[in-house]
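Undergrad: Sequence first, predicted coordinates after that:
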Amino acid sequence: MKLSTLIKCDQALSKLIKYEYLPACQMFYLSTIHRSMAEAIEAYGRARNALLAKYGTSEDGRSYTIPAGEKAEMFTAELAELEGQETGIDFPPERITLCIESINKAEEGQPVDKRLCFSACDWTAIQEIIKVTETEG
């Protein structure tokens, strides 16, 4: 799986493993996936920060500005190359099926703060590592 896919899935998976209405086996499997992704994502963060320091300027060492032109192009090219790297991490999406209808049924009558807050982007991203269906069966 490419690093860019892990990055895309990370936030959605973080939300999903905190969702209390998932069956225990799914929670376990998703937590295992998330832990295996964490090391690659942390390494990506360090590499990205090194690129920011290499091509950008900073007044505080935390926030960087990349000047337009050749430096911005070089930064973008190196970042794209980094994000295109294969991680050696693969998950068969068919291993878990998440049914939107089941989630909606489980959430009926529950307070808003107990519901799964997924955006369309989250649903799209998570389908890289799990199967999502509209209805049961």
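TA: Nice, thanks for sending it over.
Undergrad: And the strands in the chain?
TA: 97-99, 131-133 (DSSP state E).
Undergrad: Centre of the chain to the first one, how far?
TA: Average the C-alpha atoms of strand 97-99, do the same for its chain, and the two points are 18 Å apart (Cα atoms, centre = their mean, to the nearest Å).
Undergrad: still on that earlier bit, let's have the strands of the chain in JSON lines, adding distance to residue 31 and mean pLDDT.
TA: The way it works is simple: take the backbone N, C-alpha and C, and place the C-beta from them, glycine included. Shown next, in JSON lines, are these (distance: least, Cβ to Cβ, whole Å; pLDDT from 0 to 100):
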{"stretch": "strand 97-99", "distance to residue 31": "14", "mean pLDDT": "84"}
{"stretch": "strand 131-133", "distance to residue 31": "18", "mean pLDDT": "86"}
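Undergrad: Need the winner for burial among those.
TA: Among the strands of the chain, ranked by average contacts under mean count of other Cβ atoms under 10 Å, first place goes to strand 97-99 (a mean of 16).
Undergrad: For the closest residue to residue 52 other than its chain neighbours, give its distance to residue 100.
TA: Spatial nearest neighbour of residue 52, excluding adjacent residues (Cβ to Cβ, 6 or more residues apart in numbering): residue 64 at 4.1 Å. Separation of residue 64 from residue 100 (Cβ to Cβ, to the nearest Å): 39 Å.
Undergrad: Check residue 51 too.
TA: Distance, residue 51 to residue 100, by Cβ to Cβ: 38 Å.
Undergrad: neighbour-wise, which of the two wins?
TA: residue 51 (18 against 15; other Cβ atoms under 10 Å).
Undergrad: wait, what's in contact with that one?
TA: Going by Cβ atoms under 8 Å, 6 or more residues apart in numbering, residue 51 touches 75, 78, 79, 82.
Undergrad: start to end distance for stretch 84-95?
TA: 24 Å (Cα to Cα, to the nearest Å).
Undergrad: do stretch 82-98 as well
TA: End residues of stretch 82-98 are separated by 31 Å (Cα to Cα).
Undergrad: How far off centre is that stretch?
TA: The gap between where stretch 82-98 is centred and where its chain is centred comes out at 11 Å by Cα atoms, centre = their mean.
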